[in-house]
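# My questions concern the predicted model and sequence given below.
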Amino acid sequence: MRFNQNALPLCKNLFHHSSASSVVIILCILFSVVSYTSAFASPTKRVHITTWKSIQFDLKSTARSRDVGSRTIDFQKCCVLSESEVAPLVRLKKGSEKREKIINLFGIWTIFVTIITCPFWAIAMSTLDTYCKANPDFDPDRSLYDKTGKIWSRTWLALTNSYPSFSGDFERLKYDVSEYGSVLYVANHASWLDIPVLCTVLNPVFKFIAKGELKDVPCIGNQLIGGKHVLIDRDDRRSQLRTFKEGVKWLNNGMSLMAFPEGKRSPDGRLMEFKKGIFSMAIKSNVPIVPISISNTHAIMPANALFPVQSGEGKLHVHVHSPITVDGKDESELEELVRSSLLSKLPLDQQTYTPEKVSA
């Protein structure tokens with residue numbers, strides 16, 4: 001989805017004569033209605049309301065309001081629905097391999113939410129992009145630009161009754177990167193939902209390491225390109241080298257990165273083998289690694305679904321592990337430590353099964 005090109009000259013002229021605060025005000029107008037509406041989507045939860053201050057500065061209170069507290073997640077329970085429980089209404093053949101994608105009644109609701117909310121996000125990104133191009137010194141790391149995506153993610157998840165609960169060392173994520181320095185965040189990857197779910201807990205400015213084909217996805221592609229995120233083509237050796245250099249540069253400049261070490265989505269939610277190179281960035285930049293376990297996104301939006309098939313209420317959960325230092329460790333040691341951390345807070349059906357475990 002792209003902003004109307006005919007409106008760009010008007011926006012440019014408008015913002016050329018206005019201050020940076022005008023951008024903030026317009027963003028607040030665009031998002032306040034949707035964000036306030038989201039407060040009523042899940043009355044049993046405390047939903048973060050977008051305010052003027054949270055737009056201008058940092059969205060620090062969301063993680064605090066989402067602590068699991070007395071609530072617990074049943075890691076023994078499988079949340080994956082059977083086909084009869086999903087009850088598909090639409091079956092589509094998608095991609096060159098003609099893989100089937102399904103949509104059920106809940107998916108239709110999420111489509112409606114997407115159609116309602118994405119235009120606000122697209123207009124906000126287009127407005128900020130126009131202003132940033134006219135004023136290069138404004139928002140040089142695109143932190144405000146990236147916050148539009150975080151606000152959209154939180155709003156969308158709230159409206160679809162799928163806001164995750166949090167546990168672990170997420171308190172540090174309320175603070176700006178200047179409090180702790182840059183880090184490499186790594187998480188398991190089992191669904192498209194992983195990205196918006198991560199945006200609910202990662203308050204500091206960060207950059208995704210994402211596959212290059214995502215740049216063609218409406219809104220998400222605009223966010224990745226306009227936010228100066230790191231795009232990689234894993235089939236191109238030169239792209240991998242370029243990604244490594246770009247990632248190390250961001251880390252050395254104090255910008256945190258978010259990566260999925262598996263390199264692609266797990267088809268069944270179970271943690272897969274890690275790709276090489278991700279942890280080398282942390283070693284090269286001498287920054288700690290923060291593993292993040294994401295539970296049950298594969299059950300909410302499985303690989304064969306075009307949109308989520310059920311609510312994430314009481315199922316989606318994010319656990320932030322303590323940082324792992326890279327001092328004196330090689331890539332294989334870091335890989336094992338990260339894998340162990342991720343698995344320790346994943347549901348039983350997302351565990352990696354080895355022959356030894358099966359025989360035991």
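Right, received. Where do you want to start?
# Tally up the residues packed near residue 161, please.
18 (other Cβ atoms under 10 Å). C-beta coordinates here come from the backbone N, C-alpha and C atoms, glycine included.
# Please state the mean pLDDT value computed over stretch 273-280.
The average pLDDT for stretch 273-280 rounds to 90.
# can you pull the buried residues of it?
274-275, 277-280 (16 or more other Cβ atoms under 10 Å).
# can you map out the helices along the protein?
Along the chain, the segments classed as helices by DSSP state H run 8-16, 20-38, 52-56, 61-65, 83-86, 105-134, 143-159, 194-201, 220-226, 237-252, 278-285, 297-300, 331-344, 355-359.
# Help me confirm that residue 203 comes into contact with residue 173.
Yes - with contact defined as Cβ atoms under 8 Å, residue 203 reaches residue 173; the gap is 5.4 Å.
# Setting aside sequence neighbours, what's the nearest residue to residue 231?
For residue 231, ignoring the flanking residues on the chain, the nearest one in space by Cβ to Cβ, 6 or more residues apart in numbering is residue 212 at 4.4 Å.
# ok so, going back, I'd like the helices of the chain as TSV, with distance to residue 185 appended.
Formatted as TSV, the helices of the chain follow (distance: least, Cβ to Cβ, whole Å):
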stretch	distance to residue 185
helix 8-16	33
helix 20-38	25
helix 52-56	21
helix 61-65	14
helix 83-86	31
helix 105-134	22
helix 143-159	14
helix 194-201	8
helix 220-226	16
helix 237-252	11
helix 278-285	10
helix 297-300	16
helix 331-344	11
helix 355-359	27
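# Quickly, which of these bottoms out on average pLDDT?
helix 52-56 (a mean of 33).
# Could you count how many residues lie near the closest residue in space to residue 73 that isn't next to it in sequence?
Distances taken as Cβ to Cβ, 6+ apart put residue 317 closest to residue 73, at 4.6 Å, once the chain neighbours are dropped. Counted with other Cβ under 10 Å, residues neighbouring residue 317 total 25.
# Next one: residue 317 relative to residue 152, how far apart?
21 Å (Cβ to Cβ, to the nearest Å).
# same check, this time on residue 125
9 Å.
# So for the two, which residues contact both of them?
Common neighbours of residue 125 and residue 152, using Cβ atoms under 8 Å, 6 or more residues apart in numbering, are residue 219.
# Just the endpoints, please. Distance across stretch 273-286?
24 Å (Cα to Cα, to the nearest Å).
# er, stretch 294-303 I mean
End residues of stretch 294-303 are separated by 16 Å (Cα to Cα).
# What of stretch 158-170?
19 Å.
# Just give me the neighbour total for residue 304.
Based on other Cβ under 10 Å, the number of other residues close to residue 304 is 16.
# got it, and residue 202?
24.
# Tell me the predicted confidence for the spatially closest residue to it that is not a sequence neighbour.
Distances taken as Cβ to Cβ, 6+ apart put residue 173 closest to residue 202, at 5.9 Å, once the chain neighbours are dropped. pLDDT recorded at residue 173 is 73.
# Distance of residue 173 relative to residue 301?
Taken as Cβ to Cβ, the span from residue 173 to residue 301 is 23 Å.
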